[in-house]
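Q: predicted structure and sequence below. I'll ask about it afterward.
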Amino acid sequence: MIRVTRMISHTKTVASELLDELGPIIAGERAAFAVRCHERSISMTNLLLMTLLETHGPMGMSRVAELLGCGMPTATGIVSRMEEHGLVTREHDTDDRRVVTLRLADEGAVEMRELQISRRQRMATALAHLTDAEQARLLVAIRNLRSAFEQMHEQGALNA
């Protein structure tokens, strides 16, 4: 029993150390990503909406307002500015013009792709500082972490 307790204690310590090491990396990358968005005049709200459209496809304006946590007038203003910048397009239903569907525009897709390329290049630069053996060990660890996240997702534990 004592051995199991020590193993759990050791695991918590290692997990805490991992979180301590990952925290600054994640924060630094998040800041760098925010700077790249700012340079491209993409607000965090714009990025959220573009990500949702990229991930889930076209959606109605009422759903957009719900996901952004704002009222329809605010969502309409956000979408209008994004439309002016060519990031999204609005389509009116042919049967009911009150129904508006929002889509990621070609320019919005290009912006998302360029932001991802920039993020990937930054990560590749950091990984280049590791030896082949270090990269191989990291790959195994990241695959295991990804699997753990997938299991949590399947169990509904990632809703928080």
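A: In hand now; what should we look at? Numbers count the residues shown, from 1 in each chain.

Q: just for the chain, where's the confidence low?
A: Applying pLDDT under 70 to the chain flags residues 1-11, 158-160.

Q: look up how far Asp93 lies from the residue most central in space within it.
A: Central residue of the chain (Cα atoms, centre = their mean): Thr51, 7.0 Å from the mean position. Separation of Thr51 from Asp93 (Cβ to Cβ, to the nearest Å) stands at 24 Å. The way it works is simple: take the backbone N, C-alpha and C, and place the C-beta from them, glycine included.

Q: Thr94 looks like it's in a helix, true?
A: No. According to DSSP: H, G, I helix; E, B strand; the rest coil, Thr94 belongs to no helix; its state is coil.

Q: now it: how far from Thr101?
A: 11 Å.

Q: so for the two, which sits in the more crowded spot?
A: Legend: neighbour count by other Cβ atoms under 10 Å for Thr94 and Thr101, higher for Thr101 (16 against 7).

Q: returning to what we had before: skip the chain neighbours and tell me the closest residue to the residue nearest to the centre of the chain.
A: Leaving aside its sequence neighbours, Thr51 sits nearest to Met112 (Cβ to Cβ, 6 or more residues apart in numbering; 7.4 Å).

Q: what is the burial count for the one you found?
A: Met112 has 18 nearby residues by other Cβ under 10 Å.

Q: any idea which helix or strand comes after the host helix or strand of Ala32?
A: Using DSSP states H and E, Ala32 falls within helix 2-39. Moving toward the C-terminus from helix 2-39, the next helix or strand (DSSP H and E) is helix 44-56.

Q: surely Thr89 is within a helix?
A: No. Counting by three-state DSSP, Thr89 falls outside a helix, being strand.

Q: quick revisit: quick one: what helix or strand has the residue nearest to Thr51 in it?
A: According to DSSP H and E, Met112 maps onto helix 106-127.

Q: tilt between that helix and strand 88-92?
A: 150 degrees (axes from the mean of the first three to the mean of the last three Cα atoms, to 10 degrees).

Q: name the residues of helix 106-127 that are buried.
A: Buried residues in helix 106-127, defined by neighbour count with 16 or more other Cβ atoms under 10 Å: 108, 111-112, 115.

Q: now stretch 29-47
A: 33, 37, 42, 45-47.

Q: among those residues, which pair sits farthest apart?
A: The distance between the two most remote of these (Cβ to Cβ) is 14.8 Å, for Phe33 and Thr45.
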